[in-house]
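Asks: Sharing a model prediction with you, sequence too.
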Amino acid sequence: MSNKIPIFLLATVAALASACSTAGPFVSGLSSDGANGLNIEKCYVHLNAFTGIISNENCTSSTIHVRGSSANVAADSKWEAVQSGFVKDQYAFLLKSESSAAEAAIQSLTERQADALTNYILQEKGRVYELSKNFKISPELDDNERAFIRWYLSKYSGYTPK
């Protein structure tokens, strides 16, 4: 009878050990990192045969940085150069225009062009205070340009000109 107990214990341990299984790793999540890359989450899948519960365990995350082709980078650089020239020309035109003509020109801009114009003003014509959304207009600008910036930012941006 003493030989039967160890055999029973060995059989029980073997049954318990074979009741759970793990497989993997498998990709369990993909997301953008917001900086031209991918976040990849990999986990092992664990099956508990006694309870019927499937769970993830031993998860790891890694980031892969994706770079555009040199053709895409060159095209982006050309677009930025064209856009920069366009914004400066558009800004100069708006400064010289009567208010109704300036209004019509601004209304005709695409969203991307309007954003570029606003960014140009914020970066080149004063100082931005992000927390308060205030914009201090450079004192070096003439009265006409200061008046235009006050009008434009008050009407077309979330910034308060000072």
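Replies: Perfect, thanks for sending it. Residues are numbered from 1 along each chain as shown.

Asks: hey, let's count contacts and neighbours off CA atoms from now on
Replies: OK.

Asks: Bridge partners for residue 126, pull those for me.
Replies: residue 137 (DSSP bridges).

Asks: measure it to residue 99 for me?
Replies: For residue 126, the distance to residue 99 equals 22 Å [Cα to Cα, to the nearest Å].

Asks: Same check on residue 130?
Replies: Residue 130 is 28 Å from residue 99, where distance means Cα to Cα.

Asks: between these two, who's got more neighbours?
Replies: The residue with more neighbours, out of residue 130 and residue 99, is residue 99; 13 against 9, by other Cα atoms under 10 Å.

Asks: Which residue ranges of this structure form helices?
Replies: Ranges of helices within the chain are 4-18, 70-96, 99-107, 111-124, 143-156, based on DSSP state H.

Asks: quick one, the last one and helix 99-107 angle?
Replies: Right, the one you point to is helix 143-156. 50 degrees (axes from the mean of the first three to the mean of the last three Cα atoms, to 10 degrees).

Asks: mean pLDDT for the helices of the chain: which is lowest?
Replies: Comparing mean pLDDT across those, the weakest is helix 4-18, with a mean of 58.

Asks: For residue 90, which non-adjacent residue is closest in space?
Replies: residue 117 (7.9 Å; Cα to Cα, 6 or more residues apart in numbering).

Asks: Next, count neighbours for that neighbour.
Replies: Residues near residue 117, counting by other Cα under 10 Å, number 21.

Asks: ok, now how distant is it from residue 45?
Replies: 52 Å.

Asks: Over to residue 122?
Replies: 51 Å.

Asks: domains for this structure, by residue range?
Replies: Following automatic domain parsing, the chain resolves into domains at 19-65, 83-161.

Asks: Let me know whether residue 158 touches residue 133 as I believe.
Replies: Yes: between residue 158 and residue 133 there is a contact under Cα atoms under 8 Å: 6.8 Å.

Asks: With residue 39 as the reference, measure out to the closest residue to residue 37 other than its chain neighbours.
Replies: Counting by Cα to Cα, 6+ apart, residue 37 lies nearest to residue 65, which is 4.1 Å off, once chain neighbours are set aside. Note on residue 65: its distance to residue 39, by Cα to Cα, is 9 Å.

Asks: Mind checking which of those two has more residues around it?
Replies: residue 39 (15 against 12).
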